[in-house]
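Colleague: heads up, no residue letters with this:
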């Protein structure tokens, strides 16, 4: 509050945005100062937004005991937040297109959100600058700056050098998922056959029909087949679902980092980094790092070899014909496979060393008789070097073999659970222990205890 004279008071609001004048009647009927002098004095205090005409009118007309606003400050204009402008429709579903002849052309997907490599998918619209405000006394009021949005992105996306644009690194389907822009690659085909050919795809594959003999599906994602796998080969990083079943024709049929779920498996070789689930497994070689679960009315395992890291569970195992069926649990199949590889490599090296030693003995005899020419001497030196390398390799392999044997021994904690019946002809391996089923057994569990395989209740 400023006292301009005995009967004139100038008041500034707390936020500094308004100035008020109030005249008090002191019965004298005149001001102690000239009106122009009063106005100049007020100008020395109020620097912004003074309504001089309003002030002069109040003074001339002597509006006593009335608080009149004679100045208004300038409010700041806040900056506007930036935002993300997406260059694709956020609402559309992603459905790949199949051409008339049944082939898949990823560039011709019948979807709005189809993008090609290098397409701009989204950009950051930067925040807009604001404008400072001012109090009536001339002090500035800083504006609030707008926020720059966070542009989140994931698979198959590249941020350009200016940091304001993202582009597709591959052809694919763009979508906003969990707040991130990603490019997904999905194929949907009627069948995997001569009309489509092999599929090598960095994404998920959906087959409405079947995958036929001689064709391949290699995918970085899940593979879902609504029909059969008939001699085709599947290799992927996700899960595999085959709704009707797998006929492998005694070839490697599926190799996946995920799980495999199917109705039946027959004459197939399958490798899974997780689990395999089916209603029947017949005359196949199944390897699963976790479990092999056979469910349903049949719940049958017959013939072939089933290896699981943790558990094998089935309703019926083997057959009344005493079909040879091998079940192995309790060890990571890859560890056991490596153990067998090492064992075979040791055998090959020992055989080669034996041949090299015999050759060296012969050359040694020639050397003692001074009958080694330059060519044989060169051979002699090479054989010595080869023998040294093989001896060292043999030593390393034997050490690795011993470690893997101990690992197999220590990790033998698997289970084989039989819900109904297990027939003679089934051999059970848990770790380094074996058990041969000679009589029919019902509702039982096979496990290893103190180095022996024992049978307990289901």
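Modeller: Thanks, I have it. Quantities reported herein were computed from a predicted structural model and do not represent experimental measurements.

Colleague: ok, and the closest non-adjacent residue to residue 32?
Modeller: The spatial neighbour of residue 32 that comes closest, neighbours along the chain excluded (CB to CB, 6 or more residues apart in numbering), is residue 5 at 4.7 Å. (Glycine included, C-beta is placed from N, CA and C.)

Colleague: where does the stretch 101-250 of the chain have low pLDDT?
Modeller: Along the stretch 101-250 of the chain, segments meeting pLDDT under 70 span 101-114, 202.

Colleague: before we move on, back to that, ramachandran angles for the residue nearest to residue 32?
Modeller: phi -150, psi -170 (degrees, to the nearest 10).

Colleague: How many residues are close by the residue nearest to residue 268 when sequence neighbours are not counted?
Modeller: Excluding the flanking residues, the one nearest residue 268 by CB to CB, 6+ apart is residue 248, at 2.6 Å. For residue 248, the neighbour count with other CB atoms under 10 Å is 23.

Colleague: residues contacting residue 248?
Modeller: Residue 248 makes contact with 229, 231, 265, 266, 267, 268, 269, 270, 284 under the criterion CB atoms under 8 Å, 6 or more residues apart in numbering.

Colleague: Name the member of the residues you listed with the most neighbours.
Modeller: Among those, residue 265 has the most neighbours (other CB under 10 Å), with 32 neighbours.

Colleague: about what we covered before: sec struct for the residue nearest to residue 268, please.
Modeller: Three-state assignment for residue 248 (DSSP: H, G, I helix; E, B strand; the rest coil): strand.

Colleague: do residue 282 as well
Modeller: Secondary structure, three-state DSSP: residue 282 is strand.

Colleague: Need the pLDDT of it.
Modeller: Looking at residue 282, its pLDDT stands at 97.

Colleague: How about residue 99?
Modeller: For residue 99, the pLDDT comes out at 52.

Colleague: sorry, back to before: give me the neighbour count for the residue nearest to residue 32.
Modeller: Neighbours of residue 5 (other CB under 10 Å): 15.

Colleague: the helices in this protein, which residues?
Modeller: Assigned by DSSP state H, the helices in the chain fall at 35-43, 52-61, 333-368, 374-410.

Colleague: Now tabulate those helices in a markdown table and tack on mean pLDDT.
Modeller: A markdown table is the format used below for the helices of the chain (pLDDT from 0 to 100):
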| stretch | mean pLDDT |
| --- | --- |
| helix 35-43 | 91 |
| helix 52-61 | 90 |
| helix 333-368 | 87 |
| helix 374-410 | 85 |
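
Colleague: want to throw the ones you listed into a markdown table with distance to residue 427 and mean neighbour count?
Modeller: Output for these, formatted as a markdown table (distance: least, CB to CB, whole Å; neighbours: other CB atoms under 10 Å):
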| stretch | distance to residue 427 | mean neighbour count |
| --- | --- | --- |
| helix 35-43 | 107 | 15 |
| helix 52-61 | 107 | 14 |
| helix 333-368 | 15 | 14 |
| helix 374-410 | 17 | 13 |
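
Colleague: right, and the ones you listed - which one's nearest residue 165?
Modeller: helix 333-368 (44.0 Å; CB to CB).

Colleague: Run through the neighbouring helices and strands of the closest one.
Modeller: Where contact means 3 or more CB pairs under 8 Å, 6 or more residues apart in numbering; DSSP states H and E, helix 333-368 is packed against strand 280-288, strand 300-308, helix 374-410.

Colleague: of the ones you listed, which approaches residue 362 most closely?
Modeller: helix 374-410 (9.8 Å).

Colleague: Spatially central, which residue of the protein would that be?
Modeller: For the chain, the residue sitting closest to the mean C-alpha position, by CA atoms, centre = their mean, is residue 155 at 8.5 Å.

Colleague: what's the burial count for the closest residue to it other than its chain neighbours?
Modeller: Using CB to CB, 6+ apart and skipping residues adjacent in sequence, the residue nearest residue 155 is residue 182, 4.8 Å away. Using other CB under 10 Å, residue 182 has 19 neighbouring residues.

Colleague: Which neighbouring residues are in contact with residue 182, exactly?
Modeller: For residue 182, the contact set (CB under 8 Å, 6+ apart) comprises 153, 154, 155, 156, 157, 174, 175.

Colleague: Could you measure from the last one over to residue 86?
Modeller: Residue 175 sits 10 Å away from residue 86, taking CB to CB, to the nearest Å as the criterion.

Colleague: hey, what's in contact with both of those two?
Modeller: Listed as contacting both residue 175 and residue 86 by CB under 8 Å, 6+ apart are residue 181.

Colleague: Just the contacts of residue 182: which are in strands?
Modeller: 157, 174, 175 (DSSP state E).

Colleague: so which of those is the most crowded?
Modeller: Within these, neighbour counts (other CB under 10 Å) peak at residue 174, which reaches 27 neighbours.

Colleague: Tell me, how many residues neighbour the residue nearest to residue 203 when sequence neighbours are not counted?
Modeller: Counting by CB to CB, 6+ apart, the nearest residue to residue 203 once its immediate chain neighbours are dropped is residue 185, at 2.9 Å. The tally of other residues near residue 185 (other CB under 10 Å) stands at 20.

Colleague: Tell me the spacing between the residue nearest to residue 273 when sequence neighbours are not counted and residue 209.
Modeller: Distances taken as CB to CB, 6+ apart place residue 257 nearest to residue 273, at 4.5 Å, with adjacent residues excluded. According to CB to CB, residue 257 stands 25 Å off from residue 209.

Colleague: Residue 61 too?
Modeller: 95 Å.

Colleague: Show me what stretch 196-207 is in contact with.
Modeller: Contacts of stretch 196-207 with the rest of the structure, by CB under 8 Å, 6+ apart, involve 102-104, 156, 170, 172, 184-192, 215-227, 236, 238.

Colleague: So which of those belong to strands?
Modeller: Applying DSSP E to the contacts of stretch 196-207, the entries found in strands are 172, 184, 186-189, 216-219, 223-225, 236.

Colleague: Could you tell me which of those count as buried?
Modeller: Among those, the ones that count as buried by 16 or more other CB atoms under 10 Å are 172, 184, 186-189, 217-219, 223-225, 236.

Colleague: Look up the residues forming beta bridges with residue 219.
Modeller: residue 201, residue 236 (DSSP bridges).

Colleague: Report the contact partners of it.
Modeller: Counting by CB under 8 Å, 6+ apart, residue 219 makes contact with 199, 201, 202, 203, 204, 205, 234, 235, 236, 237, 238.
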